[in-house]
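> All I have is the shape, not the residue letters:
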């Protein structure tokens, strides 16, 4: 499958700095969107973006194109870093509401939409097999890295109930996607 | 659907929750430690990463500033301009005096590619650093965690085999570039929490917050 990000990662693993610049220009807007959505404020998201791209350079040799698409790997790197930051914050996340809303309201660019049509339809169809509040909790957890503790408070259920909900929903989702 | 859903096997549930991002700090750190050691668990995480990747469509793009100059300055530091840095290293390696030395970011152009890297982490700590040695420079970049608490400092050490740790100085910034110490693959870089100014007598006294071996690229 055509995967230009995967090609760039292969070159970066071979210390190609031009490829590193190219991947920054191709992927920084998407990764900034991820970081902003999870971290909720621009200053921290920019700081995180620097760290994520530093890791891209240092870890590109671990990317294996047989195991997934390049952009999936980049977004996982960004999400993991952002969620680690979120969890190591002592205090409850203080959102920069404007930044948050700005990101959420932005419509995905045409090209990002195109890539996904076939696949996204599948996962969205599977989401429809879940009960509405469980689907919302699952989607919210993924997109914003919300912890079980905060999800439980949001949905006003005990933490263990939330955990059981999400585990069962994940199983259903998996079964649906494998059909 | 009429069937009652069975539960996911525990390992797979944990992998899915890790990818989902709903674990708390302790559970997450444990999963990350396992990820590094357990290829089977890493494969489960990879599967879930792919399975949920379509949700990435919901992340809208956001305007990103051009941070490449800063990133490249961190990754590809410049060769030092004068030899006096070597005197500084000698001082550092005799330990003790280094405590107050501030690390300096060196200005740009044409650096060698990294020859060794290390990733520093510890299970019980959110602190993570990435280290790279390129030519005669060691670059250390904090990739997770925060500054040391008030009245404390993070101190960087290099350890050869069973020998005593040698201080490379107190970390005054989240990212530092310093002259590379004598190093080879297998030497360990470690960061400890020390009183302000560094461990007394040039020895570590606090807990190890992150550590990792140097590896050849």
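Perfect, thanks for sending it. Computed from a prediction, not measured in an experiment: that's the story for all the values here.

> make it CA atoms for all contacts and neighbour counts henceforth
Will do.

> Just give me the longest helix of chain A.
Among all segments of chain A classified by DSSP state H, the helix with the greatest residue count is helix A:17-39.

> isn't there a helix covering residue A:71?
Yes: using DSSP: H, G, I helix; E, B strand; the rest coil, the assignment for residue A:71 is a helix.

> got a list of what residue B:18 touches?
Counting by CA atoms under 8 Å, 6 or more residues apart in numbering or on different chains, residue B:18 touches B:28, B:31, B:45.

> for the helix or strand hosting residue B:33, packing partners?
Here residue B:33, judged by DSSP states H and E, is contained in helix B:25-37. Using 3 or more CA pairs under 8 Å, 6 or more residues apart in numbering or on different chains; DSSP states H and E, the elements in contact with helix B:25-37 are helix A:70-88, helix B:10-20, helix B:39-51, strand B:125-134.

> can you list the residues that contact it?
For helix B:25-37, using CA under 8 Å, 6+ apart, the contacting residues are A:84, A:87, A:88, B:14, B:15, B:18, B:41, B:42, B:123, B:124, B:125, B:126.

> Also stretch B:155-164?
B:165-171, B:183, B:186-194, B:198-199.

> gap between the two ends of it?
End-to-end distance for stretch B:155-164: 15 Å, by CA to CA, to the nearest Å.

> got it, and stretch B:173-193?
First residue to last in stretch B:173-193 (CA to CA) measures 14 Å.

> Is it in proximity to chain A?
No: Stretch B:173-193 stays out of contact with chain A when judged by CA under 8 Å from any CA of the partner chain, the minimum separation being 9.8 Å.

> Give me the next element, helix or strand, following the lowest-mean-pLDDT helix or strand in chain B.
Every helix and strand of chain B was ranked by mean pLDDT, DSSP states H and E. The lowest is helix B:84-93, at a mean of 46. Moving toward the C-terminus from helix B:84-93, the next helix or strand (DSSP H and E) is strand B:116-122.

> what's the residue minimising distance to the centre of chain B in contact with, if anything?
Closest residue to the average C-alpha location of chain B: residue B:129 at 1.2 Å, with CA atoms, centre = their mean. Counting by CA under 8 Å, 6+ apart, residue B:129 touches B:119, B:120, B:121, B:140, B:141, B:142, B:143, B:144, B:210.

> The residue nearest to it when sequence neighbours are not counted: what secondary structure?
Distance criterion CA to CA, 6 or more residues apart in numbering or on different chains; nearest residue to residue B:129, sequence neighbours excluded, is residue B:142 at 4.3 Å. Following three-state DSSP, residue B:142 is assigned to strand.

> Please tell me I have it right and residue B:142 contacts residue B:174.
Yes: look at residue B:142 against residue B:174 with CA atoms under 8 Å: they come within range, at 5.3 Å.

> Please say which of those two ends up with more neighbours.
residue B:142 (20 against 15; other CA atoms under 10 Å in any protein chain shown).

> And the pLDDT at the more buried one?
We have a pLDDT of 91 for residue B:142.

> ok, how many other residues are close to residue A:42?
Using other CA under 10 Å, residue A:42 has 19 neighbouring residues.

> What sits closest to it if chain neighbours are left out?
Sequence neighbours aside, residue A:36 is the residue nearest to residue A:42 in space, at 6.2 Å (criterion: CA to CA, 6+ apart).

> so how far is residue A:145 from that neighbour?
Plainly put, residue A:36 is 12 Å away from residue A:145 if you go by CA to CA.

> which parts of the helix or strand following the longest helix of chain A are buried?
Elements were assigned by DSSP H and E; along the chain past helix A:17-39, the next helix or strand is helix A:42-59. By neighbour count on 16 or more other CA atoms under 10 Å in any protein chain shown, the buried set for helix A:42-59 is A:42, A:45-46, A:48-59.

> Please compute how far helix A:42-59 lies from its chain's middle.
Centre-to-centre, helix A:42-59 and its host chain are 14 Å apart (CA atoms, centre = their mean, to the nearest Å).

> What is that helix packed up against?
Under the contact criterion of 3+ CA pairs under 8 Å, 6+ apart, helix A:42-59 touches helix A:4-13, helix A:17-39, helix A:70-88, helix B:68-75, strand B:137-144.

> per the record, what domains does chain B have?
Split into domains by automatic domain parsing, chain B comes to B:10-58, B:71-216.

> Can you find the helix or strand of chain A with the lowest average pLDDT?
When each helix and strand of chain A is scored by mean pLDDT, DSSP H and E, helix A:97-105 comes last, with a mean of 40.

> how far off strand B:116-122 does the helix holding residue B:33 point, in degrees?
Going by axes from the mean of the first three to the mean of the last three CA atoms, to 10 degrees, helix B:25-37 is angled at 150 degrees with respect to strand B:116-122.

> Test my guess that residue B:144 contacts residue A:84.
Yes: the pair residue B:144 / residue A:84 is scored as a contact, 6.8 Å apart, by CA under 8 Å.

> Common neighbours of the two, please.
Listed contacts common to residue B:144 and residue A:84 are residue B:126; contacts here mean CA under 8 Å, 6+ apart.

> Give me the distance between residue B:124 and chain A.
Residue B:124 sits 11 Å away from chain A when distances are taken as CA to the nearest CA, to the nearest Å.

> hmm, back to that, could you say what helices and strands the longest helix of chain A packs with?
Here helix A:17-39 touches helix A:4-13, helix A:42-59, helix A:70-88, helix A:97-105, helix A:132-144, going by 3+ CA pairs under 8 Å, 6+ apart.

> let's see 7 Å
Packed against helix A:17-39, as judged by 3 or more CA pairs under 7 Å, 6 or more residues apart in numbering or on different chains; DSSP states H and E, are the following elements: helix A:4-13, helix A:42-59, helix A:70-88, helix A:97-105.

> buried residues in it?
Going by 16+ other CA under 10 Å, helix A:17-39 has these buried residues: A:17, A:19-20, A:23-24, A:27-39.
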